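Colleague: Need coordinates for the following:
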Amino acid sequence: MTELDTRPRAAVLTGPDEAVDVAARLAATFAAGAAERDAHRVLPVAELDQLSDSGLLAISVPREFGGADVPTETVVTVFRLLAAADPGLAQIPHSHFVYVEALRRTGTPEQQRYFFGEVLAGKRFGNAQSEAGTKHVQDYRTRLRARPDGGFVLDGLKHYATGAYFAHWIPVLAKDDGDRLVVAYVPRDAAGVTVVDDWDGMGQRITASGSVELSGVRVPAEHVLPHHQTFDGPQLYGARAQILHAAIDTGIARGALGEAAEFVRTTARPWFEAGVEHATEDPLTVQRFGELEVAVRAAEALLGEAARTVDTAANALDDDSAAAASVAVAVAKAAADRAALEVTNALFELGGTRSALDSLNLHRHWRNARTHTLHDPVRWKFQHIGRHLLTGTPPPRHGVL
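Modeller: Predicted coordinates:
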């Protein structure tokens, strides 16, 4: 494990404009090393410290606790910009924002004060959520057992734990003695916690989305949230989690299209039958780039619309507004998924044989898109979108919609 700097050090951003400006600046820096980090699987500890230092990881902290409390649209823009530069770096803090939202939803004022203070100081949340070998993705074997002293003990094995390797705190999903879903916020260096960097996915290589082993981990009662209450009544927890995945996919599409265009401008040759001097003059190439730009702009527009729908719902939350937000996010996620896969595949079609050279590492865009879009299959998004349109059936209340 690389040593993490735990000193309070983060800037406190004041609002949406500053957050977007900081994200754009960092994205430009991160883009320069993205291909190299992916090719050699260089884990981005220094880059994540820059994110912490910048204050971007605290922009969703409520104002009453000292945060900027920016709109969802701003958070989405930050993720989209970071993903266009390096989608692995964008995915690592996804769960950080999700578990900040969990605190907003079900945390006590004391828990909020403490953990939001940690976030404002630059501390990072990871996640220990998914498990392998269970019946489905929301079937959890990890258990949080009560102790006679009023605390708890945590045991289990988690996989795909994006962010845990780089975290200061690891929120763990578990079942309590009443078989209810809870979140235990556990220090990364707590006794009984072992984070294993065994992620070997073909894409999103630098996320270190490995395993977390939990053996007799002591957890005080004040570090446990009743996560099962998150889904009692109308909620935006799922929509806010999913829209960040959509932002990452949309960013992948934009980043890949930009690199494809640069490759065609500087390196690709025209097909001889086109009768032109440069690849940028080939009418079929021009046509295809136009089609891809439409697909990416559509994904970006739907992403923005979904974010605004979430923010509108937050101001007047009821069953109808929550359903509208979930459906809008599902639409954005479906469009982003399609755009990311189409653009990253077309990159090779437009760049020609040279674009497939391993030394150029342009294939990282397709690998990243194909890997990240496996989150929460869009075929189920279409089901919920269609039912809502045809019969007015609201989407179910869970964390992936």
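Colleague: so how far is residue 326 from residue 94?
Modeller: Residue 94 is 18 Å from residue 326, where distance means Cβ to Cβ, to the nearest Å. The C-beta positions use only the backbone N, C-alpha and C, and glycine is treated the same way.
Colleague: Can I get stretch 73-88 in PDB? Just the C-alpha atoms.
Modeller: Only the C-alpha atoms of stretch 73-88 are listed here, as PDB (Å, rounded to 0.1, in the frame of the first residue of the first chain):
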ATOM      1  CA  GLU A  73     -25.400  19.600 -12.700                       C
ATOM      2  CA  THR A  74     -22.000  20.900 -11.500                       C
ATOM      3  CA  VAL A  75     -21.000  17.600 -10.000                       C
ATOM      4  CA  VAL A  76     -21.900  15.900 -13.300                       C
ATOM      5  CA  THR A  77     -19.800  18.400 -15.300                       C
ATOM      6  CA  VAL A  78     -16.800  17.800 -13.000                       C
ATOM      7  CA  PHE A  79     -17.000  14.100 -13.600                       C
ATOM      8  CA  ARG A  80     -17.500  14.500 -17.300                       C
ATOM      9  CA  LEU A  81     -14.500  16.700 -17.600                       C
ATOM     10  CA  LEU A  82     -12.300  14.400 -15.600                       C
ATOM     11  CA  ALA A  83     -13.500  11.300 -17.500                       C
ATOM     12  CA  ALA A  84     -12.700  12.900 -20.800                       C
ATOM     13  CA  ALA A  85      -9.100  13.300 -19.600                       C
ATOM     14  CA  ASP A  86      -8.800  10.000 -17.700                       C
ATOM     15  CA  PRO A  87     -11.800   7.800 -16.900                       C
ATOM     16  CA  GLY A  88     -10.000   5.800 -14.400                       C
END
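Colleague: How far does it sit from its chain's centre?
Modeller: Chain-centre distance of stretch 73-88: 9 Å, with Cα atoms, centre = their mean, to the nearest Å.
Colleague: Wasn't residue 245 part of a helix?
Modeller: Yes - looking at residue 245 with DSSP: H, G, I helix; E, B strand; the rest coil, it is inside a helix.
Colleague: Using the three-state scheme, assign the closest residue to it other than its chain neighbours.
Modeller: Closest residue in space to residue 245, ignoring its immediate chain neighbours: residue 375 at 5.3 Å, by Cβ to Cβ, 6 or more residues apart in numbering. The assignment at residue 375 comes out as coil when based on three-state DSSP.
Colleague: where do the helices sit along the chain?
Modeller: Ranges of helices within the chain are 16-32, 34-40, 45-54, 72-85, 87-91, 94-106, 109-120, 237-266, 283-315, 319-351, 363-372, 378-391, based on DSSP state H.
Colleague: quick one, which of the ones you listed is packed in tightest?
Modeller: Across the helices of the chain, averaging neighbours per residue (mean count of other Cβ atoms under 10 Å) puts helix 87-91 on top, at a mean of 28.
Colleague: Just name whatever secondary elements that helix is in contact with.
Modeller: In this structure, helix 87-91 makes packing contacts with helix 34-40, helix 45-54, helix 72-85, helix 237-266, helix 363-372, judged by 3 or more Cβ pairs under 8 Å, 6 or more residues apart in numbering; DSSP states H and E.
Colleague: Between these, which one is closest to residue 135.
Modeller: When the helices and strands packed on helix 87-91 are ranked by proximity to residue 135, the top entry is helix 237-266, at 20.2 Å, counting by Cβ to Cβ.
Colleague: tilt between that closest one and helix 283-315?
Modeller: Angle of helix 237-266 versus helix 283-315, following axes from the mean of the first three to the mean of the last three Cα atoms, to 10 degrees, is 160 degrees.
Colleague: ok, now which ones touch the most centrally placed residue in the chain?
Modeller: The centre of the chain sits closest to residue 94, judged by Cα atoms, centre = their mean, with a distance of 3.4 Å. Contacts for residue 94 (Cβ atoms under 8 Å, 6 or more residues apart in numbering) come out as 79, 162-163, 241, 244-245, 248.
Colleague: Which single one of those is nearest to residue 56?
Modeller: Of all these, residue 79 has the smallest distance to residue 56: 9.8 Å, by Cβ to Cβ.
Colleague: and that closest one, what does it touch?
Modeller: 90, 94, 244, 247-248, 251.
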